[in-house]
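*Asks:* how would this look folded up:
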Amino acid sequence: MAQKFLRLLSGVISELEALVTSAGAGDAGKIPALDATGKLDNSLMPVGIGADSKILPASENLAAGDLVRVRDEDGRESVCVLMRGTVTDTMGRTHKIGS
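*Replies:* This is a model prediction of the structure:
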């Protein structure tokens, strides 16, 4: 539940709740509120601001944490696994990548 505030309009005091999500232009000028995760919902963000994501086909099965690269072959983007398993960095530390 978002915080509430008081509004005085034409001599009448009313209690309003801040918006956690926006339905668009009809919500212009209203007070936004953070969601349950403490962040602004993407619907409150201006066009072009928000999660930068794409849905692309993968050339093989992916697992959580796989390091992948997006490749472009003749104008068609796809994803392939770049690294999976255990790797050792230049400092001698071992890191697990993927599952």
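*Asks:* Show the contacting residues for Asn42.
*Replies:* By Cβ atoms under 8 Å, 6 or more residues apart in numbering, the residues touching Asn42 are 50-51. No exception for glycine: its C-beta is placed from N, CA and C like everyone else's.
*Asks:* Next, give phi and psi for it.
*Replies:* As for Asn42, its main-chain torsions (degrees, to the nearest 10) stand at phi -60, psi -30.
*Asks:* Can you get me a residue count around Asp66?
*Replies:* For Asp66, the neighbour count with other Cβ atoms under 10 Å is 19.
*Asks:* quick one: it from Ala18, how far?
*Replies:* 39 Å (Cβ to Cβ, to the nearest Å).
*Asks:* same check, this time on Lys4
*Replies:* 7 Å.
*Asks:* and what of Leu40?
*Replies:* Shown here: Leu40 relative to Ala18, a distance of 11 Å by Cβ to Cβ.
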